[in-house]
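Participant: Fold the following.
(chains A, B, C and D)
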Number of protein chains: 2
Amino acid sequence: MSSTQVKSAGNSLLNSLSKKEQHRFMAHCELVQLNLADVISHVGDPIQHVYFPLDSIISLVNPVDGNAGMEVALIGNEGMLGITLMLGSDVTPIKALVQSEGTVLRIASQAFLTELELLPALRLQIMRYICVSFSQLVQTTVCNRFHVVEERLARLLLMIRDRKHSGQFYITQELLAQMLGVRRVGVTKAASSLQLRKLISYTRGDMKINDIAGLENASCICYQTDKNIYKQILHTKNMFEIN
Amino acid sequence: MSSTQVKSAGNSLLNSLSKKEQHRFMAHCELVQLNLADVISHVGDPIQHVYFPLDSIISLVNPVDGNAGMEVALIGNEGMLGITLMLGSDVTPIKALVQSEGTVLRIASQAFLTELELLPALRLQIMRYICVSFSQLVQTTVCNRFHVVEERLARLLLMIRDRKHSGQFYITQELLAQMLGVRRVGVTKAASSLQLRKLISYTRGDMKINDIAGLENASCICYQTDKNIYKQILHTKNMFEIN
DNA sequence: ATAATTAAGTGCGCCAGCGAACAGACAGCA
DNA sequence: TGCTGTCTGTTCGCTGGCGCACTTAATTAT
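Facilitator: Below is the predicted model of the structure:
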(Lines give C-alpha, C1' and ligand atoms only; values in the text may rest on other atoms or scores of the structure.)
Protein backbone atom coordinates (compact mmCIF):
# COMPACT_ATOMS: atom_id res chain seq x y z
CA MET A 1 0.00 0.00 0.00
CA SER A 2 1.96 2.96 -1.27
CA SER A 3 -0.75 5.58 -1.50
CA THR A 4 0.34 9.14 -0.92
CA GLN A 5 -2.28 10.73 1.24
CA VAL A 6 -3.05 14.39 1.47
CA LYS A 7 -4.35 15.14 4.94
CA SER A 8 -7.71 16.83 4.94
CA ALA A 9 -8.45 19.82 7.09
CA GLY A 10 -10.40 17.98 9.76
CA ASN A 11 -14.07 17.12 9.52
CA SER A 12 -16.37 19.38 7.52
CA LEU A 13 -19.26 19.15 9.95
CA LEU A 14 -17.10 20.14 12.88
CA ASN A 15 -15.58 22.93 10.84
CA SER A 16 -18.91 24.71 11.01
CA LEU A 17 -18.13 25.47 14.63
CA SER A 18 -16.13 28.41 15.84
CA LYS A 19 -12.56 27.74 16.98
CA LYS A 20 -13.69 27.98 20.57
CA GLU A 21 -16.63 25.64 20.12
CA GLN A 22 -14.49 23.19 18.20
CA HIS A 23 -12.04 23.13 21.03
CA ARG A 24 -14.81 22.51 23.48
CA PHE A 25 -16.31 19.70 21.41
CA MET A 26 -12.96 18.03 20.71
CA ALA A 27 -12.31 17.82 24.42
CA HIS A 28 -14.92 15.05 24.48
CA CYS A 29 -13.48 13.27 21.46
CA GLU A 30 -10.71 10.77 21.08
CA LEU A 31 -8.61 10.32 17.98
CA VAL A 32 -8.82 6.73 16.78
CA GLN A 33 -7.06 4.85 14.01
CA LEU A 34 -9.34 2.65 11.90
CA ASN A 35 -7.99 -0.40 10.10
CA LEU A 36 -9.17 -1.80 6.80
CA ALA A 37 -12.24 -4.04 7.08
CA ASP A 38 -12.79 -3.34 10.76
CA VAL A 39 -16.48 -3.67 11.49
CA ILE A 40 -17.50 -0.62 13.48
CA SER A 41 -21.06 -1.56 14.24
CA HIS A 42 -23.51 -4.37 13.68
CA VAL A 43 -27.22 -3.97 13.09
CA GLY A 44 -29.13 -3.89 16.33
CA ASP A 45 -26.23 -2.93 18.57
CA PRO A 46 -26.78 0.07 20.80
CA ILE A 47 -24.97 3.11 19.43
CA GLN A 48 -21.95 3.62 21.69
CA HIS A 49 -20.09 6.29 19.76
CA VAL A 50 -20.51 8.77 16.98
CA TYR A 51 -17.69 8.92 14.42
CA PHE A 52 -16.35 11.88 12.49
CA PRO A 53 -13.88 10.61 9.87
CA LEU A 54 -10.82 12.69 9.16
CA ASP A 55 -8.97 10.80 6.45
CA SER A 56 -10.61 7.41 6.75
CA ILE A 57 -13.67 6.19 4.89
CA ILE A 58 -16.53 4.35 6.54
CA SER A 59 -18.83 2.27 4.41
CA LEU A 60 -22.45 1.52 5.20
CA VAL A 61 -23.31 -1.95 4.01
CA ASN A 62 -26.62 -3.76 3.97
CA PRO A 63 -26.51 -7.54 3.76
CA VAL A 64 -29.40 -9.39 2.18
CA ASP A 65 -30.48 -13.02 2.03
CA GLY A 66 -27.36 -14.03 3.89
CA ASN A 67 -25.14 -12.67 1.13
CA ALA A 68 -22.69 -9.84 1.56
CA GLY A 69 -25.19 -7.38 0.17
CA MET A 70 -23.81 -4.08 -0.94
CA GLU A 71 -22.73 -0.62 0.05
CA VAL A 72 -25.43 2.02 0.33
CA ALA A 73 -23.37 4.98 1.48
CA LEU A 74 -19.85 6.27 1.99
CA ILE A 75 -18.79 8.45 4.87
CA GLY A 76 -15.65 10.52 4.70
CA ASN A 77 -14.58 13.73 6.33
CA GLU A 78 -17.66 15.44 4.87
CA GLY A 79 -19.93 13.47 7.17
CA MET A 80 -20.41 11.34 10.23
CA LEU A 81 -21.54 7.94 11.40
CA GLY A 82 -24.41 7.86 13.85
CA ILE A 83 -27.02 10.24 12.52
CA THR A 84 -29.90 8.14 13.79
CA LEU A 85 -28.85 8.96 17.32
CA MET A 86 -29.92 12.52 16.67
CA LEU A 87 -33.19 11.26 15.33
CA GLY A 88 -34.21 9.59 18.54
CA SER A 89 -33.09 6.04 17.91
CA ASP A 90 -30.19 4.61 19.87
CA VAL A 91 -29.91 1.39 17.92
CA THR A 92 -27.53 0.88 15.01
CA PRO A 93 -29.69 0.60 11.88
CA ILE A 94 -26.99 -0.63 9.53
CA LYS A 95 -23.64 -2.35 9.40
CA ALA A 96 -20.66 -0.01 9.18
CA LEU A 97 -17.14 -1.02 8.26
CA VAL A 98 -13.86 0.60 7.38
CA GLN A 99 -13.39 0.89 3.67
CA SER A 100 -10.19 2.86 3.79
CA GLU A 101 -7.76 3.18 6.66
CA GLY A 102 -7.24 6.39 8.52
CA THR A 103 -8.29 8.36 11.55
CA VAL A 104 -11.61 9.41 13.04
CA LEU A 105 -12.74 11.57 15.89
CA ARG A 106 -14.91 9.50 18.16
CA ILE A 107 -17.27 10.76 20.81
CA ALA A 108 -19.46 8.85 23.23
CA SER A 109 -23.19 8.91 22.43
CA GLN A 110 -24.19 10.57 25.66
CA ALA A 111 -21.54 13.27 25.41
CA PHE A 112 -22.54 13.87 21.82
CA LEU A 113 -26.19 14.40 22.69
CA THR A 114 -25.30 16.70 25.55
CA GLU A 115 -22.93 18.76 23.43
CA LEU A 116 -25.53 19.04 20.68
CA GLU A 117 -27.85 20.84 23.06
CA LEU A 118 -25.17 23.45 23.56
CA LEU A 119 -24.15 23.74 19.92
CA PRO A 120 -27.16 24.62 17.78
CA ALA A 121 -24.93 25.44 14.83
CA LEU A 122 -23.60 21.90 14.81
CA ARG A 123 -27.08 20.47 15.16
CA LEU A 124 -28.25 22.44 12.17
CA GLN A 125 -25.26 21.45 10.08
CA ILE A 126 -25.77 17.78 10.87
CA MET A 127 -29.48 18.04 10.11
CA ARG A 128 -28.55 19.30 6.69
CA TYR A 129 -26.06 16.52 6.32
CA ILE A 130 -28.87 14.07 7.03
CA CYS A 131 -30.80 15.69 4.21
CA VAL A 132 -27.85 15.23 1.92
CA SER A 133 -27.43 11.59 2.92
CA PHE A 134 -31.08 11.00 2.30
CA SER A 135 -31.04 12.48 -1.17
CA GLN A 136 -27.84 10.72 -2.10
CA LEU A 137 -29.26 7.44 -0.92
CA VAL A 138 -32.24 7.99 -3.18
CA GLN A 139 -29.85 8.61 -6.04
CA THR A 140 -27.92 5.46 -5.25
CA THR A 141 -31.13 3.47 -5.29
CA VAL A 142 -31.92 4.32 -8.88
CA CYS A 143 -28.25 4.17 -9.84
CA ASN A 144 -28.01 0.54 -8.77
CA ARG A 145 -31.08 -0.21 -10.78
CA PHE A 146 -30.27 1.49 -14.05
CA HIS A 147 -26.56 1.94 -14.49
CA VAL A 148 -24.01 -0.60 -15.67
CA VAL A 149 -21.09 -1.73 -13.58
CA GLU A 150 -18.49 0.30 -15.44
CA GLU A 151 -20.33 3.58 -14.83
CA ARG A 152 -20.94 2.70 -11.21
CA LEU A 153 -17.32 1.72 -10.69
CA ALA A 154 -16.15 5.03 -12.12
CA ARG A 155 -18.50 6.84 -9.78
CA LEU A 156 -17.33 4.87 -6.77
CA LEU A 157 -13.67 5.53 -7.50
CA LEU A 158 -14.37 9.24 -7.78
CA MET A 159 -16.26 9.19 -4.50
CA ILE A 160 -13.37 7.48 -2.78
CA ARG A 161 -10.96 9.96 -4.26
CA ASP A 162 -13.00 12.87 -2.94
CA ARG A 163 -12.97 11.40 0.55
CA LYS A 164 -9.32 10.41 0.52
CA HIS A 165 -8.33 13.76 -0.98
CA SER A 166 -6.00 11.81 -3.15
CA GLY A 167 -6.07 10.19 -6.56
CA GLN A 168 -4.14 7.20 -5.28
CA PHE A 169 -5.36 4.75 -2.68
CA TYR A 170 -5.44 1.10 -1.74
CA ILE A 171 -8.45 -0.94 -2.80
CA THR A 172 -8.78 -4.40 -4.26
CA GLN A 173 -11.23 -5.48 -6.91
CA GLU A 174 -12.68 -7.91 -4.42
CA LEU A 175 -13.57 -5.06 -2.09
CA LEU A 176 -14.92 -2.93 -4.92
CA ALA A 177 -17.11 -5.84 -5.95
CA GLN A 178 -18.57 -6.07 -2.46
CA MET A 179 -19.27 -2.34 -2.46
CA LEU A 180 -20.99 -2.48 -5.81
CA GLY A 181 -22.82 -5.68 -5.03
CA VAL A 182 -21.46 -7.49 -8.10
CA ARG A 183 -19.06 -10.33 -8.79
CA ARG A 184 -15.36 -9.66 -8.63
CA VAL A 185 -15.16 -10.68 -12.28
CA GLY A 186 -17.54 -7.88 -13.12
CA VAL A 187 -15.18 -5.39 -11.53
CA THR A 188 -12.23 -6.92 -13.40
CA LYS A 189 -13.97 -6.34 -16.68
CA ALA A 190 -15.03 -2.80 -15.84
CA ALA A 191 -11.67 -1.86 -14.37
CA SER A 192 -9.80 -3.32 -17.36
CA SER A 193 -11.93 -1.20 -19.61
CA LEU A 194 -11.27 1.95 -17.62
CA GLN A 195 -7.56 1.18 -17.61
CA LEU A 196 -7.56 0.58 -21.34
CA ARG A 197 -9.06 4.02 -21.71
CA LYS A 198 -6.13 5.40 -19.65
CA LEU A 199 -8.49 6.74 -16.99
CA ILE A 200 -7.05 4.68 -14.17
CA SER A 201 -4.17 2.31 -13.54
CA TYR A 202 -3.73 -0.30 -10.87
CA THR A 203 -1.82 -3.33 -9.70
CA ARG A 204 -2.71 -5.49 -6.78
CA GLY A 205 -4.79 -2.98 -4.92
CA ASP A 206 -2.71 0.06 -5.71
CA MET A 207 -5.32 2.14 -7.48
CA LYS A 208 -4.47 5.38 -9.25
CA ILE A 209 -6.76 7.80 -11.02
CA ASN A 210 -5.03 9.24 -14.06
CA ASP A 211 -7.73 11.30 -15.72
CA ILE A 212 -10.33 12.79 -13.43
CA ALA A 213 -12.36 14.52 -16.11
CA GLY A 214 -12.29 11.38 -18.19
CA LEU A 215 -13.43 9.28 -15.28
CA GLU A 216 -16.24 11.70 -14.52
CA ASN A 217 -17.27 11.29 -18.09
CA ALA A 218 -17.17 7.52 -17.84
CA SER A 219 -19.24 7.55 -14.67
CA CYS A 220 -22.99 7.88 -14.55
CA ILE A 221 -24.58 11.24 -13.93
CA CYS A 222 -25.12 10.22 -10.32
CA TYR A 223 -21.68 11.41 -9.33
CA GLN A 224 -22.42 14.94 -10.46
CA THR A 225 -25.91 14.76 -9.01
CA ASP A 226 -24.49 13.83 -5.63
CA LYS A 227 -22.15 16.77 -5.69
CA ASN A 228 -24.93 19.13 -6.65
CA ILE A 229 -27.12 17.88 -3.83
CA TYR A 230 -24.31 18.46 -1.38
CA LYS A 231 -23.62 21.95 -2.61
CA GLN A 232 -27.27 22.94 -2.71
CA ILE A 233 -28.24 21.79 0.74
CA LEU A 234 -25.14 22.54 2.74
CA HIS A 235 -24.91 26.02 1.31
CA THR A 236 -28.46 27.13 1.99
CA LYS A 237 -29.13 29.95 4.38
CA ASN A 238 -30.15 29.09 7.88
CA MET A 239 -33.94 28.86 7.77
CA PHE A 240 -34.35 28.41 11.45
CA GLU A 241 -32.39 31.50 12.40
CA ILE A 242 -34.62 33.63 10.20
CA ASN A 243 -37.71 32.68 12.18
CA MET B 1 -62.67 1.40 -9.71
CA SER B 2 -64.80 -0.59 -7.37
CA SER B 3 -62.45 -0.96 -4.42
CA THR B 4 -64.04 -1.16 -1.02
CA GLN B 5 -62.02 1.04 1.26
CA VAL B 6 -61.77 0.73 4.99
CA LYS B 7 -61.15 4.17 6.46
CA SER B 8 -58.07 4.36 8.61
CA ALA B 9 -58.10 6.05 11.95
CA GLY B 10 -56.39 9.26 10.87
CA ASN B 11 -52.65 9.64 10.57
CA SER B 12 -50.39 7.62 12.82
CA LEU B 13 -47.91 10.41 13.43
CA LEU B 14 -50.61 12.82 14.50
CA ASN B 15 -52.15 10.14 16.67
CA SER B 16 -49.16 10.43 18.96
CA LEU B 17 -50.62 13.74 20.11
CA SER B 18 -53.15 14.13 22.87
CA LYS B 19 -56.73 14.88 21.83
CA LYS B 20 -56.23 18.50 22.76
CA GLU B 21 -52.96 18.85 20.88
CA GLN B 22 -54.43 17.11 17.87
CA HIS B 23 -57.26 19.56 17.86
CA ARG B 24 -54.86 22.43 18.06
CA PHE B 25 -52.70 21.09 15.23
CA MET B 26 -55.64 20.27 12.99
CA ALA B 27 -56.83 23.83 13.23
CA HIS B 28 -53.92 24.73 10.96
CA CYS B 29 -54.60 21.90 8.54
CA GLU B 30 -56.91 21.60 5.60
CA LEU B 31 -58.41 18.36 4.37
CA VAL B 32 -57.54 17.86 0.72
CA GLN B 33 -58.59 15.24 -1.82
CA LEU B 34 -55.72 13.88 -3.92
CA ASN B 35 -56.35 12.48 -7.38
CA LEU B 36 -54.48 9.67 -9.06
CA ALA B 37 -51.22 10.74 -10.71
CA ASP B 38 -51.36 14.29 -9.40
CA VAL B 39 -47.83 15.55 -9.04
CA ILE B 40 -47.55 17.09 -5.60
CA SER B 41 -44.07 18.47 -5.82
CA HIS B 42 -41.21 18.75 -8.28
CA VAL B 43 -37.54 18.58 -7.39
CA GLY B 44 -36.18 21.99 -6.53
CA ASP B 45 -39.50 23.63 -5.70
CA PRO B 46 -39.72 25.34 -2.35
CA ILE B 47 -41.68 23.23 0.13
CA GLN B 48 -45.06 24.94 0.49
CA HIS B 49 -46.93 22.35 2.51
CA VAL B 50 -46.40 19.26 4.57
CA TYR B 51 -48.78 16.36 3.89
CA PHE B 52 -50.18 13.77 6.27
CA PRO B 53 -52.02 11.10 4.24
CA LEU B 54 -55.19 9.65 5.68
CA ASP B 55 -56.31 7.08 3.14
CA SER B 56 -54.30 8.19 0.12
CA ILE B 57 -50.84 7.01 -0.86
CA ILE B 58 -48.06 9.31 -1.96
CA SER B 59 -45.20 7.91 -3.94
CA LEU B 60 -41.68 9.30 -4.00
CA VAL B 61 -40.19 8.87 -7.43
CA ASN B 62 -36.71 9.58 -8.66
CA PRO B 63 -36.28 10.04 -12.42
CA VAL B 64 -32.95 9.22 -14.01
CA ASP B 65 -31.40 9.85 -17.41
CA GLY B 66 -34.62 11.43 -18.62
CA ASN B 67 -36.53 8.19 -18.03
CA ALA B 68 -39.37 7.80 -15.58
CA GLY B 69 -37.03 6.33 -13.02
CA MET B 70 -38.63 4.48 -10.18
CA GLU B 71 -40.29 4.69 -6.83
CA VAL B 72 -38.07 4.87 -3.78
CA ALA B 73 -40.65 5.19 -1.05
CA LEU B 74 -44.36 4.99 -0.27
CA ILE B 75 -46.13 7.28 2.14
CA GLY B 76 -49.47 6.33 3.64
CA ASN B 77 -51.18 7.20 6.87
CA GLU B 78 -48.18 5.88 8.76
CA GLY B 79 -46.05 8.78 7.57
CA MET B 80 -45.79 12.21 6.03
CA LEU B 81 -44.41 14.09 3.07
CA GLY B 82 -41.98 16.89 3.81
CA ILE B 83 -39.54 15.51 6.34
CA THR B 84 -36.65 17.51 4.94
CA LEU B 85 -38.33 20.67 6.13
CA MET B 86 -37.66 19.55 9.68
CA LEU B 87 -34.08 18.90 8.75
CA GLY B 88 -33.38 22.45 7.77
CA SER B 89 -33.88 22.30 4.03
CA ASP B 90 -36.83 24.09 2.48
CA VAL B 91 -36.36 22.71 -1.01
CA THR B 92 -38.18 19.64 -2.34
CA PRO B 93 -35.53 16.93 -2.74
CA ILE B 94 -37.65 14.50 -4.73
CA LYS B 95 -40.68 14.23 -6.95
CA ALA B 96 -43.85 13.22 -5.15
CA LEU B 97 -47.01 12.02 -6.83
CA VAL B 98 -50.31 10.44 -5.91
CA GLN B 99 -50.21 6.71 -6.26
CA SER B 100 -53.62 6.04 -4.82
CA GLU B 101 -56.50 8.46 -4.46
CA GLY B 102 -57.72 9.65 -1.12
CA THR B 103 -57.46 12.39 1.42
CA VAL B 104 -54.59 14.11 3.20
CA LEU B 105 -54.22 16.65 5.92
CA ARG B 106 -52.17 19.53 4.59
CA ILE B 107 -50.46 22.20 6.61
CA ALA B 108 -48.43 25.20 5.44
CA SER B 109 -44.68 24.89 5.97
CA GLN B 110 -44.41 27.89 8.24
CA ALA B 111 -47.33 26.84 10.41
CA PHE B 112 -45.87 23.36 10.61
CA LEU B 113 -42.50 24.60 11.84
CA THR B 114 -44.14 26.87 14.38
CA GLU B 115 -46.40 24.13 15.68
CA LEU B 116 -43.47 21.73 15.95
CA GLU B 117 -41.81 24.05 18.43
CA LEU B 118 -44.86 23.72 20.62
CA LEU B 119 -45.34 20.00 20.20
CA PRO B 120 -42.16 18.16 21.20
CA ALA B 121 -43.98 14.84 21.20
CA LEU B 122 -44.81 15.27 17.54
CA ARG B 123 -41.27 16.31 16.74
CA LEU B 124 -39.92 13.20 18.39
CA GLN B 125 -42.38 10.97 16.63
CA ILE B 126 -41.50 12.43 13.25
CA MET B 127 -37.79 12.13 13.98
CA ARG B 128 -38.33 8.46 14.54
CA TYR B 129 -40.34 8.25 11.37
CA ILE B 130 -37.38 9.74 9.54
CA CYS B 131 -35.25 6.95 10.98
CA VAL B 132 -37.71 4.41 9.72
CA SER B 133 -37.79 5.97 6.27
CA PHE B 134 -34.04 5.96 6.16
CA SER B 135 -33.73 2.31 7.06
CA GLN B 136 -36.48 1.29 4.70
CA LEU B 137 -34.83 3.22 1.90
CA VAL B 138 -31.64 1.30 2.55
CA GLN B 139 -33.61 -1.91 2.35
CA THR B 140 -35.21 -0.85 -0.91
CA THR B 141 -31.79 -0.10 -2.34
CA VAL B 142 -30.57 -3.65 -1.96
CA CYS B 143 -33.98 -5.06 -2.85
CA ASN B 144 -33.90 -3.39 -6.24
CA ARG B 145 -30.47 -4.81 -6.81
CA PHE B 146 -30.98 -8.41 -5.81
CA HIS B 147 -34.59 -9.42 -6.03
CA VAL B 148 -36.56 -10.43 -9.08
CA VAL B 149 -39.62 -8.61 -10.31
CA GLU B 150 -42.13 -11.12 -9.03
CA GLU B 151 -40.85 -10.86 -5.46
CA ARG B 152 -40.72 -7.10 -5.65
CA LEU B 153 -44.22 -6.91 -7.08
CA ALA B 154 -45.57 -9.05 -4.26
CA ARG B 155 -43.87 -6.77 -1.77
CA LEU B 156 -45.24 -3.65 -3.40
CA LEU B 157 -48.79 -4.98 -3.43
CA LEU B 158 -48.55 -5.81 0.25
CA MET B 159 -47.22 -2.35 1.01
CA ILE B 160 -50.09 -0.74 -0.85
CA ARG B 161 -52.53 -2.95 0.97
CA ASP B 162 -51.14 -1.91 4.33
CA ARG B 163 -51.51 1.74 3.45
CA LYS B 164 -54.96 1.40 1.91
CA HIS B 165 -56.12 -0.78 4.78
CA SER B 166 -57.82 -2.88 2.17
CA GLY B 167 -56.97 -5.90 0.07
CA GLN B 168 -58.67 -4.39 -2.94
CA PHE B 169 -57.57 -1.24 -4.72
CA TYR B 170 -57.15 0.35 -8.11
CA ILE B 171 -53.78 0.10 -9.80
CA THR B 172 -52.77 -0.67 -13.37
CA GLN B 173 -49.81 -2.74 -14.46
CA GLU B 174 -48.48 0.32 -16.20
CA LEU B 175 -48.34 2.20 -12.91
CA LEU B 176 -46.86 -0.76 -11.08
CA ALA B 177 -44.17 -0.94 -13.74
CA GLN B 178 -43.24 2.68 -13.15
CA MET B 179 -43.06 2.12 -9.43
CA LEU B 180 -40.83 -0.91 -9.81
CA GLY B 181 -38.73 0.66 -12.54
CA VAL B 182 -39.35 -2.19 -14.98
CA ARG B 183 -41.23 -2.65 -18.25
CA ARG B 184 -44.97 -3.06 -18.15
CA VAL B 185 -44.47 -6.48 -19.76
CA GLY B 186 -42.36 -7.51 -16.82
CA VAL B 187 -45.25 -6.73 -14.50
CA THR B 188 -47.65 -8.65 -16.74
CA LYS B 189 -45.50 -11.73 -16.43
CA ALA B 190 -45.05 -11.42 -12.68
CA ALA B 191 -48.70 -10.60 -12.06
CA SER B 192 -49.87 -13.50 -14.24
CA SER B 193 -47.70 -15.80 -12.22
CA LEU B 194 -49.08 -14.53 -8.91
CA GLN B 195 -52.60 -14.85 -10.25
CA LEU B 196 -51.94 -18.40 -11.42
CA ARG B 197 -50.85 -19.16 -7.90
CA LYS B 198 -54.22 -17.80 -6.68
CA LEU B 199 -52.51 -15.15 -4.58
CA ILE B 200 -54.09 -12.20 -6.37
CA SER B 201 -56.70 -11.54 -9.01
CA TYR B 202 -57.19 -8.52 -11.20
CA THR B 203 -58.85 -7.08 -14.26
CA ARG B 204 -58.12 -3.72 -15.78
CA GLY B 205 -56.76 -2.10 -12.67
CA ASP B 206 -59.06 -3.71 -10.19
CA MET B 207 -56.52 -5.47 -8.02
CA LYS B 208 -57.49 -7.87 -5.30
CA ILE B 209 -55.28 -9.72 -2.86
CA ASN B 210 -56.69 -13.18 -2.20
CA ASP B 211 -54.06 -14.80 -0.04
CA ILE B 212 -52.08 -12.50 2.19
CA ALA B 213 -49.89 -15.15 3.76
CA GLY B 214 -49.21 -16.63 0.35
CA LEU B 215 -48.28 -13.25 -1.04
CA GLU B 216 -45.97 -12.56 1.87
CA ASN B 217 -44.35 -15.84 1.07
CA ALA B 218 -43.98 -14.93 -2.58
CA SER B 219 -42.46 -11.56 -1.73
CA CYS B 220 -38.86 -11.01 -0.79
CA ILE B 221 -37.84 -10.80 2.83
CA CYS B 222 -37.76 -7.02 2.49
CA TYR B 223 -41.45 -6.73 3.28
CA GLN B 224 -41.01 -8.35 6.66
CA THR B 225 -37.81 -6.44 7.25
CA ASP B 226 -39.62 -3.16 6.65
CA LYS B 227 -42.29 -4.05 9.15
CA ASN B 228 -39.73 -5.04 11.74
CA ILE B 229 -37.88 -1.78 11.29
CA TYR B 230 -41.08 0.14 11.82
CA LYS B 231 -42.04 -1.76 14.92
CA GLN B 232 -38.58 -1.56 16.41
CA ILE B 233 -38.03 2.15 15.98
CA LEU B 234 -41.47 3.54 16.57
CA HIS B 235 -41.93 1.52 19.71
CA THR B 236 -38.69 2.50 21.44
CA LYS B 237 -38.81 4.45 24.66
CA ASN B 238 -38.24 8.15 24.53
CA MET B 239 -34.50 8.58 24.90
CA PHE B 240 -34.62 12.31 25.11
CA GLU B 241 -37.09 12.41 27.97
CA ILE B 242 -34.84 10.21 30.04
CA ASN B 243 -32.02 12.73 29.92
C1' DA C 1 -73.67 1.12 -33.02
C1' DT C 2 -69.19 2.31 -34.02
C1' DA C 3 -64.86 4.21 -33.11
C1' DA C 4 -61.25 5.42 -30.02
C1' DT C 5 -58.83 4.63 -25.93
C1' DT C 6 -57.00 2.01 -22.29
C1' DA C 7 -55.50 -2.39 -20.03
C1' DA C 8 -53.39 -6.66 -20.47
C1' DG C 9 -50.98 -10.64 -22.91
C1' DT C 10 -47.53 -12.73 -26.46
C1' DG C 11 -43.34 -13.35 -29.17
C1' DC C 12 -38.51 -12.47 -30.56
C1' DG C 13 -33.81 -11.36 -30.54
C1' DC C 14 -30.47 -9.21 -27.45
C1' DC C 15 -27.39 -8.28 -23.59
C1' DA C 16 -25.58 -7.43 -18.87
C1' DG C 17 -24.56 -9.82 -15.17
C1' DC C 18 -24.45 -14.50 -12.78
C1' DG C 19 -22.22 -18.88 -11.07
C1' DA C 20 -18.50 -21.77 -11.43
C1' DA C 21 -14.13 -23.08 -12.48
C1' DC C 22 -9.53 -22.26 -13.79
C1' DA C 23 -4.93 -19.77 -14.98
C1' DG C 24 -1.27 -16.56 -14.43
C1' DA C 25 1.28 -13.14 -11.62
C1' DC C 26 3.16 -11.08 -7.82
C1' DA C 27 4.12 -10.78 -2.64
C1' DG C 28 5.80 -12.29 1.64
C1' DC C 29 7.74 -15.90 4.28
C1' DA C 30 10.19 -20.16 5.68
C1' DT D 1 14.69 -21.36 -3.08
C1' DG D 2 10.28 -22.77 -3.16
C1' DC D 3 5.66 -22.43 -0.96
C1' DT D 4 1.51 -20.22 -0.05
C1' DG D 5 -1.76 -16.72 -0.21
C1' DT D 6 -3.55 -12.78 -2.56
C1' DC D 7 -4.79 -10.23 -6.58
C1' DT D 8 -6.12 -10.16 -11.29
C1' DG D 9 -7.72 -12.08 -15.76
C1' DT D 10 -10.36 -15.48 -18.82
C1' DT D 11 -13.90 -18.67 -20.36
C1' DC D 12 -18.59 -20.82 -20.75
C1' DG D 13 -23.28 -21.63 -20.42
C1' DC D 14 -27.36 -19.56 -18.27
C1' DT D 15 -31.09 -16.32 -17.15
C1' DG D 16 -33.69 -12.18 -15.99
C1' DG D 17 -34.90 -8.25 -17.89
C1' DC D 18 -34.74 -5.12 -22.11
C1' DG D 19 -36.55 -2.95 -26.48
C1' DC D 20 -39.75 -3.46 -29.98
C1' DA D 21 -43.80 -4.69 -32.17
C1' DC D 22 -48.20 -6.76 -32.32
C1' DT D 23 -52.78 -8.85 -30.50
C1' DT D 24 -56.83 -9.20 -27.68
C1' DA D 25 -60.21 -7.47 -24.73
C1' DA D 26 -62.75 -4.22 -22.11
C1' DT D 27 -64.27 0.48 -21.39
C1' DT D 28 -65.52 5.07 -22.85
C1' DA D 29 -66.77 8.48 -26.12
C1' DT D 30 -69.22 9.95 -30.32
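
Participant: Assess the claim that A:Asn11 and A:Pro53 are in contact.
Facilitator: Yes - if you go by C-beta atoms under 8 Å, A:Asn11 and A:Pro53 touch, sitting 6.7 Å apart. No exception for glycine: its C-beta is placed from N, CA and C like everyone else's.

Participant: which of these two has more neighbours?
Facilitator: Of the pair A:Asn11 and A:Pro53, A:Pro53 is the one with more neighbours under other C-beta atoms under 10 Å in any protein chain shown, namely 27 against 22.

Participant: one step back: can you list residues touching both of A:Asn11 and A:Pro53?
Facilitator: Shared contacts of A:Asn11 and A:Pro53, defined by C-beta atoms under 8 Å, 6 or more residues apart in numbering or on different chains, comprise A:Asn77, A:Met80.

Participant: Now do the longest helix seen in chain A against helix B:120-146, angle only.
Facilitator: In chain A, assigned by DSSP state H, the helix with the most residues is helix A:120-146. When axes from the mean of the first three to the mean of the last three C-alpha atoms, to 10 degrees is applied, the directions of helix A:120-146 and helix B:120-146 differ by 30 degrees.

Participant: Looking at the helix or strand just after helix A:120-146 now, give me its mean pLDDT.
Facilitator: As assigned by DSSP states H and E, the chain's next helix or strand after helix A:120-146 is helix A:149-164. Throughout helix A:149-164, pLDDT has a mean value of 97.

Participant: And DNA strand C, is helix A:149-164 touching that?
Facilitator: Yes - using C-beta under 7 Å from any atom of the strand, helix A:149-164 reaches DNA strand C at A:Val149, A:Glu150.

Participant: Check the offset of that helix from the chain's centre.
Facilitator: Distance, stretch centre to chain centre, for helix A:149-164: 11 Å (C-alpha atoms, centre = their mean, to the nearest Å).

Participant: quick one, it and helix A:120-146 angle?
Facilitator: Interaxial angle of helix A:149-164 relative to helix A:120-146 (the same axes, to 10 degrees): 160 degrees.

Participant: can you tell if helix A:149-164 touches DNA strand D?
Facilitator: No - applying C-beta under 7 Å from any atom of the strand, one finds helix A:149-164 out of contact with DNA strand D, separated by at least 11.3 Å.

Participant: Could I get the average pLDDT for the next helix or strand along the chain from that helix?
Facilitator: Counting by DSSP H and E, the next helix or strand C-terminal to helix A:149-164 is strand A:168-170. What strand A:168-170 shows for mean pLDDT is 96.

Participant: Quick one: distance of strand A:168-170 to the chain centre.
Facilitator: 15 Å.

Participant: for stretch A:33-47, same thing?
Facilitator: Stretch A:33-47 has its C-alpha centroid displaced from the chain centroid by 14 Å (C-alpha atoms, centre = their mean).

Participant: tell me the strands in chain A, going along the chain?
Facilitator: Ranges of strands within chain A are A:29-34, A:39-41, A:49-53, A:57-64, A:67-75, A:95-100, A:102-108, A:168-170, A:200-203, A:206-209, based on DSSP state E.

Participant: Just tell me which of those ends up closest to DNA strand D.
Facilitator: Nearest to DNA strand D, of all those, is strand A:200-203, at 5.2 Å by C-beta to the nearest atom of the strand.
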